[in-house]
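Participant: Pasted the sequence and its predicted model underneath.
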Amino acid sequence: MDAQLLALVLDEVIPPTADGRLPGAGTLGAGAVVQHAASGDPNLGSLLAQGFATLEEIARRRNPGGFAALPRAGRVEALRELEQASPMLLPTLLTLASVGYYSNEKVLTVLNGNARPPHPVGYEMEPDDLSLLDPVRSRGPIYRRC
């Protein structure tokens, strides 16, 4: 898979913010997550390879330079056509790109998040109301002892 083409596509799938605070997913490097996932799953790798080959064919009909030579509007049109030709590609790509993008420290910082799991260090929780289990406990055992 061509890393440059992947980065360009990811920048259209998750584009940079209008205020410039966040780059697009391709510029940020989310393609590494996509490539890692594809290297571990032959079916995914095949889906991506075929999808990107189809995308380049679509783009070359618009401009002999391919997807990279298209203006932004042309890239979006090519991706819409690709969505019709390969309906599983873009949702799969979006899922993988989201993992790489929204786990990036820069994105988390801008979004006021952090890159840690919520527990055990995490958020304060209200204590459980164990009285909710009283009806179950009052039934007694409902299983056969062996």
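Facilitator: Yep, that arrived.
Participant: The top helix by length along the chain - contacts with which helices or strands?
Facilitator: Of all segments of type helix in the chain, defined using DSSP state H, the longest is helix 42-62. Packing partners of helix 42-62 (3 or more C-beta pairs under 8 Å, 6 or more residues apart in numbering; DSSP states H and E): helix 3-13, helix 31-40, helix 72-85, helix 89-102. Backbone N, C-alpha and C define where each C-beta goes, glycine included.
Participant: Go again with 7 Å.
Facilitator: helix 31-40, helix 72-85, helix 89-102 (3 or more C-beta pairs under 7 Å, 6 or more residues apart in numbering; DSSP states H and E).
Participant: Just the CA coordinates for stretch 86-105, please, in PDB.
Facilitator: Output of stretch 86-105 as PDB, limited to C-alpha atoms (Å, rounded to 0.1, in the frame of the first residue of the first chain):
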ATOM      1  CA  SER A  86     -16.200  -0.800  -2.800                       C
ATOM      2  CA  PRO A  87     -18.800  -0.200   0.000                       C
ATOM      3  CA  MET A  88     -16.800  -1.900   2.800                       C
ATOM      4  CA  LEU A  89     -13.600   0.100   2.200                       C
ATOM      5  CA  LEU A  90     -14.300   3.500   3.600                       C
ATOM      6  CA  PRO A  91     -16.100   2.400   6.800                       C
ATOM      7  CA  THR A  92     -13.300   0.100   7.500                       C
ATOM      8  CA  LEU A  93     -10.700   2.800   6.800                       C
ATOM      9  CA  LEU A  94     -12.600   5.300   8.900                       C
ATOM     10  CA  THR A  95     -12.700   2.900  11.900                       C
ATOM     11  CA  LEU A  96      -8.900   2.200  11.700                       C
ATOM     12  CA  ALA A  97      -8.100   5.900  11.100                       C
ATOM     13  CA  SER A  98     -10.200   6.900  14.000                       C
ATOM     14  CA  VAL A  99      -8.300   4.600  16.300                       C
ATOM     15  CA  GLY A 100      -5.000   6.100  15.200                       C
ATOM     16  CA  TYR A 101      -6.200   9.700  15.200                       C
ATOM     17  CA  TYR A 102      -8.100   9.800  18.500                       C
ATOM     18  CA  SER A 103      -5.400   8.000  20.400                       C
ATOM     19  CA  ASN A 104      -2.800  10.500  19.300                       C
ATOM     20  CA  GLU A 105      -1.500  12.600  22.100                       C
END
